[in-house]
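Engineer: no FASTA, just this:
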């Protein structure tokens, strides 16, 4: 169930993000779409609560990385290639950003006020992305 949900979630996020056509916007939209999806109760239960506790962190992380990491790395590489992000190893950036997104999703899932937590995590992820952005001249 976790594998199927992970695949569906990545497919949905990529579909939403790719509609933009701008690599920077695709990256931002994809991160926002991921956080929005993780605010849904069924995603929280399967991906953020039951998955890690039932399968163990290593197996859960392998499944999470197997689907989300590749899509995120591709989005980062496209943003780097377009000049929107400062040149850096896309794989390393993807690992760090995925860790931040997973943690942000966990915060939202466990918050008493999930709407406020989602808003704050979205703003924080956006600030992280802005820090990777190529400065405007």
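Structural biologist: Received the coordinates, thanks. This one's a predicted model, so the numbers in the text were calculated from it and none came from an experiment.
Engineer: residue 69 contacts residue 96, doesn't it?
Structural biologist: No - using Cβ atoms under 8 Å, residue 69 is not in contact with residue 96; the gap is 11.1 Å. For glycine as for every other residue, the C-beta is placed from the backbone atoms N, C-alpha and C.
Engineer: more neighbours, those two?
Structural biologist: residue 69 (18 against 13; other Cβ atoms under 10 Å).
Engineer: for residue 120, see how far away the more buried one is.
Structural biologist: Distance from residue 69 to residue 120, counting by Cβ to Cβ, to the nearest Å: 25 Å.
Engineer: now swap in residue 76 and tell me
Structural biologist: With Cβ to Cβ as the criterion, residue 76 and residue 120 are 23 Å apart.
Engineer: looking at the two, which has the bigger crowd around it?
Structural biologist: residue 76 (25 against 15).
Engineer: I figured the more buried one hits residue 87, correct?
Structural biologist: No - Residue 76 is beyond contact range of residue 87, at 10.9 Å (criterion: Cβ under 8 Å).
Engineer: show me the contact partners of the longest helix seen in the chain.
Structural biologist: Identified as the longest helix of the chain according to DSSP state H is helix 90-110. Contact with helix 90-110 is made by 31, 34-35, 38-39, 44, 47-49, 64-65, 68-69, 72-73, 76-77, 80, 85, 114, 117-118, 121-122, 124-125, 128-129, 132, as judged by Cβ atoms under 8 Å, 6 or more residues apart in numbering.
Engineer: which stretches of the chain aren't confidently modelled?
Structural biologist: Across the chain, residues meeting the criterion (pLDDT under 70) sit at 137.
Engineer: residue 56: how many residues sit nearby?
Structural biologist: Residue 56 has 11 neighbours, counted by other Cβ under 10 Å.
Engineer: ok, now residue 95?
Structural biologist: Applying other Cβ under 10 Å, I find that residue 95 has 15 neighbouring residues.
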